[in-house]
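Novice: Mind looking at a prediction? Sequence and model below.
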Amino acid sequence: TKALTQSLILSHFHILLRIMTITNSLPSHASVHRGVKMTKPALFTILGIAAIATWALVNAKSSMNAYISNDVAEVHQIRRALSVISSSSNDIDSTSEKDNSAMRKFIILSQQRSGARFLASLLNKHSSIKCGNEELFNRLKKRGLRELMESQSFDEYMKQISISMDLLRGSEKNDVIGNFTHVGFELMYDQGVKRFSSHLLHELNEENVKIIHLIRKNKLHQYVSHESFEKDRQLRAEMKHKAHPTNEAEVSALDSSALDGNIRDIFDYIMDKNSENRYLEELLDAEFGRKGYYTVYYEDLNRDVQGEMASIFDFLDLNHETVESEYVKIHKGKPTREYFVEEDREKIEDAIRDSSYEFMLDSDDHENLGW
């Protein structure tokens with residue numbers, strides 16, 4: 001546009017000069033080109049019009065230059081603004097990356113009725129930890145997508161784990177958001193762990209997610225806990241916390257039920273859970289090495305809460321804090337046999353004493369009174 005304007009102005013100046021030259025050589029009345037008569041006043045009129053046109057073009061050039069200058073200035077201003085935004089965005093991204101790298105993640109791998117809720121509640125009492133329960137399972141269940149646990153692809157599964165971590169990280173704790181450095185939740189074996197097995201563990205290792213493997217050694221007690229809780233679904237529906245009682249009234253109601261002692265069911269349960277534990281330990285050893293993850297036994301945790309939690313805090317690179325759970329134990333101060341109907345007690349004891357599981361009938365000198 002600028003070049004075109006300059007070209008037009010130069011052309012008009014050439015025309016003006018030509019007219020002025022012709023005009024000065026003409027008499028008062030003269031004939032101009034092909035018999036057309038033109039007087040000097042007429043020519044001066046033409047010259048005036050041409051001068052006005054030239055002035056207009058010059059002024060247009062000036063306006064155009066000013067417009068272009070303003071436009072260029074505005075472009076530079078926009079560029080500077082974009083540069084600032086880009087810089088800010090980079091700062092935000094780097095801060096976000098810094099926050100993500102600073103936020104330590106962990107997962108509690110376990111089986112149902114092994115004390116995972118108890119451990120999570122203890123971890124959550126640490127001032128630097130936000131620990132959820134079965135966040136992945138609960139979120140999918142709430143959205144009516146529970147079946148995705150077994151049907152989704154591995155990529156989608158990992159995406160759901162990441163979303164669950166992010167949602168947990170962004171939730172409130174003691175009315176303050178972001179006052180913690182560690183975030184994690186429980187993941188049961190049957191919630192995608194067995195299905196994706198080594199693939200899952202490898203991905204978690206790549207993402208520097210720390211693994212706490214919680215095992216309940218006494219599978220007979222685990223069986224009692226599982227069956228007792230499954231027996232009264234109505235009571236579970238009425239409880240505030242569906243997986244664990246929080247007051248003595250709920251404990252008393254759950255504690256009053258007696259189980260049928262089907263020997264085959266008991267042994268199948270014990271063998272199945274032991275087999276799962278061994279399988280996960282082999283996978284964890286292969287991926288993380290024996291010292292790359294932390295194994296905690298429910299019985300040890302129950303016997304020495306602060307000592308075991310101190311070891312877990314060391315594993316997570318955290319300062320030691322005294323922590324207490326809000327949950328109330330269901331099975332305490334009562335011999336194991338009393339959880340079964342009286343007519344089945346003797347045959348259960350005989351069967352277990354004749355097996356490699358005899359230790360499960362013993363007392364641990366704490367809350368477990370033995371058979």
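Specialist: Structure received.
Novice: Could you give the backbone dihedrals for residue 259?
Specialist: phi -100, psi 150 (degrees, to the nearest 10).
Novice: measure it to residue 320 for me?
Specialist: According to Cβ to Cβ, to the nearest Å, residue 259 and residue 320 sit 39 Å apart. The C-beta positions use only the backbone N, C-alpha and C, and glycine is treated the same way.
Novice: Check residue 150 too.
Specialist: From residue 150 over to residue 320 (counting by Cβ to Cβ), the distance is 40 Å.
Novice: I'd guessed residue 186 sits against residue 121; true?
Specialist: No - the pair residue 186 / residue 121 is not scored as a contact, 10.6 Å apart, by Cβ atoms under 8 Å.
Novice: Settle it for me: which of residue 150 and residue 320 has more neighbours?
Specialist: Neighbours were counted for residue 150 and for residue 320 using other Cβ atoms under 10 Å; residue 320 has more, 13 against 10.
Novice: Need the nearest residue in space to the more buried one, chain neighbours excluded.
Specialist: residue 310 (4.9 Å; Cβ to Cβ, 6 or more residues apart in numbering).
Novice: And the average pLDDT for the host helix or strand of that neighbour is what?
Specialist: Using DSSP states H and E, residue 310 sits within helix 305-315. Across helix 305-315, the average pLDDT comes to 98.
Novice: contacts for the helix or strand that it is followed by?
Specialist: Sequence-wise, the next helix or strand downstream of helix 305-315 (DSSP H and E) is helix 345-353. Outside helix 345-353, the residues that touch it by Cβ atoms under 8 Å, 6 or more residues apart in numbering are 220, 261, 263, 266, 267, 337, 340, 358, 360, 361, 371.
Novice: repeat that with 7 Å
Specialist: Here helix 345-353 makes contact (Cβ atoms under 7 Å, 6 or more residues apart in numbering) with 220, 261, 263, 266, 337, 340, 358, 360, 361, 371.
Novice: Stretch 275-286 too?
Specialist: Contacts of stretch 275-286 (Cβ under 7 Å, 6+ apart): 109, 111, 189, 197, 198, 201, 211, 213, 215, 293.
Novice: Looks to me like the first one is in a helix.
Specialist: Pointing back at residue 109 there. No - applying DSSP: H, G, I helix; E, B strand; the rest coil, one finds residue 109 to be strand, outside a helix.
Novice: Check what pLDDT the nearest residue to residue 314 once chain neighbours are set aside gets.
Specialist: Leaving aside its sequence neighbours, residue 314 sits nearest to residue 320 (Cβ to Cβ, 6+ apart; 8.0 Å). Listed pLDDT for residue 320 reads 98.
Novice: again with residue 352
Specialist: pLDDT at residue 352 comes out at 97.
Novice: now do residue 365
Specialist: Looking at residue 365, the pLDDT reads 57.
Novice: Ok, residue 108 next?
Specialist: Confidence for residue 108, expressed as pLDDT, is 98.
Novice: Can you tell me what sits against stretch 296-307?
Specialist: Contacts of stretch 296-307 (Cβ under 7 Å, 6+ apart): 114-115, 119, 122, 212, 214-218, 308, 312, 322, 364, 366-367.
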